[in-house]
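Engineer: please work out how this folds:
(one chain, ligands or ions: 2)
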Amino acid sequence: MSKRLSKKERALELFRKYSEVFRCPICAKWLVVYEPSGLRCGSNHNFDLAKNGYLNLLNTHPKSEYGKELFLARRKVFSSYIFHGLWTELYDTIENIEPKNGVVLDAGCGEGLLLSRLYQRFPSLKLIGLDISRDGIKLAASHAEPIIWCVGDLAQLPLNDRVADVVLNILSPANYSEFERVLKHSGYVIKVIPGEEYLQEIRELVTDTTPYNNQDVMENLKDNMNIVEVRKVHYKSEVVSEFQSEIIKMTPLTSKRGLSTRPIDSLTIDLNIVRCSFN
Ligand SMILES: C[S@@+](CC[C@H](N)C(=O)[O-])C[C@H]1O[C@@H](n2cnc3c(N)ncnc32)[C@H](O)[C@@H]1O
Ligand SMILES: [Zn+2]
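Structural biologist: Ligands and ions are numbered 1, 2, ... in the order given. Below you'll find the predicted structure:
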């Protein structure tokens, strides 16, 4: 009977398989697997894999407003019927690109739900999730699918030039010069940007907030990339009582803010899925 591999051993196997993809975030030399436990570059910068198989590429511990409780709440709500409409359009957008066995980077992947679902639909893709929040990546590494998870900064991607077929950037900050560097010429960025009514029922609970406006984000995107397609996902979903507490916890909008306590009966999902290229 063959020995069951640990999470760390499985992750090392994946890194070996993707050996041309990674570079050192400090000196930009290629990163290769060194036995028994991590990756090393030509200048001897070492990065050890954590026990549950993720790679920490940051030598700082940045403070983040995204913590474990938020990510757990987010996972529960995003995997429910409430976000079903977003998933359908996202899968369709990715399917239309046909990345086949290409490299897909999720820059700002949070707790990793999107890549775990993508693997189930498109198992030949090489999937890499990166987030600056260690809590997010720790949770992401609890998904069973063969995906590479890294704690890292999307402003200093640990990827070689022109290796990615798709960069996903879902409700997260962007760094277009890094996206351009790592993306193949034929590649696409798929960015999800909130519309003005996104989660408006949560905003209404917060006593000191202003309405959301995506104008700056859209302008920055248009200054850097060419928009190929925009899909608008806009609907109101009923919220059953099972989700009340997670709805409040799933966004930094509500943390440390004055909140009125009435329950939320429905939630507006107003998102733009923007497919863009540098060509
Ligand atoms: C609203 S969450 C979205 C997470 C995930 N895409 C989702 O939709 O559930 C924004 C994410 O961006 C990450 N983030 C913020 N700045 C980042 C950076 N410089 N590099 C990598 N990730 C970053 C945060 O840690 C957080 O997980
Ligand atoms: Zn190095």
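Engineer: from here on, just use CA atoms for contacts and neighbour counts.
Structural biologist: OK.
Engineer: so the most centrally placed residue in the chain: helix, strand or coil?
Structural biologist: When CA atoms, centre = their mean is applied to the chain, the residue found nearest the centroid is Cys109 (1.6 Å). Assigned with DSSP: H, G, I helix; E, B strand; the rest coil, Cys109 falls in the coil class.
Engineer: tell me the pLDDT of it.
Structural biologist: Per-residue pLDDT puts Cys109 at 98.
Engineer: could you do the one 4 residues further on as well?
Structural biologist: At Leu113 the predicted local distance difference test score is 98.
Engineer: so who does it touch?
Structural biologist: 75, 79, 140 (CA atoms under 8 Å, 6 or more residues apart in numbering).
Engineer: confirm for me that Arg16 is in contact with Tyr34.
Structural biologist: No. Assessed by CA atoms under 8 Å, Arg16 is found out of contact with Tyr34, at 9.7 Å.
Engineer: which of the contacts of Leu113 lies closest to ligand 2?
Structural biologist: Nearest to ligand 2 among the contacts of Leu113: Ala140, at 25.2 Å, using CA to the ion.
Engineer: which residues does the closest one contact?
Structural biologist: Applying CA under 8 Å, 6+ apart to Ala140 gives the contacts 110-113, 149.
Engineer: what about 10 Å?
Structural biologist: 54, 71, 75, 109-116, 129-131, 134, 147-150 (CA atoms under 10 Å, 6 or more residues apart in numbering).
Engineer: neighbours of the closest residue to Val151 other than its chain neighbours, how many?
Structural biologist: Counting by CA to CA, 6 or more residues apart in numbering, Val151 lies nearest to Asn56, which is 4.7 Å off, once chain neighbours are set aside. By other CA atoms under 10 Å, the residues close to Asn56 number 21.
Engineer: likewise for Tyr54?
Structural biologist: Other residues lying near Tyr54 total 28 when counted by other CA under 10 Å.
Engineer: that one against Leu14, yeah?
Structural biologist: No. If you go by CA atoms under 10 Å, Tyr54 and Leu14 don't touch, sitting 11.2 Å apart.
Engineer: list residues touching both of those two?
Structural biologist: With CA under 10 Å, 6+ apart as the test, Tyr54 and Leu14 both reach 8, 147-148.
Engineer: bridge partners for Asn272, pull those for me.
Structural biologist: Ile193, Lys232 (DSSP bridges).
Engineer: next up, the contacts around it.
Structural biologist: Taking CA under 10 Å, 6+ apart as the definition, contacts of Asn272 comprise 86, 171, 191-195, 198, 229-234.
Engineer: of the residues you listed, list those near ligand 1.
Structural biologist: Restricting those to those within reach of ligand 1 (CA under 6 Å from any ligand atom) leaves Leu171.
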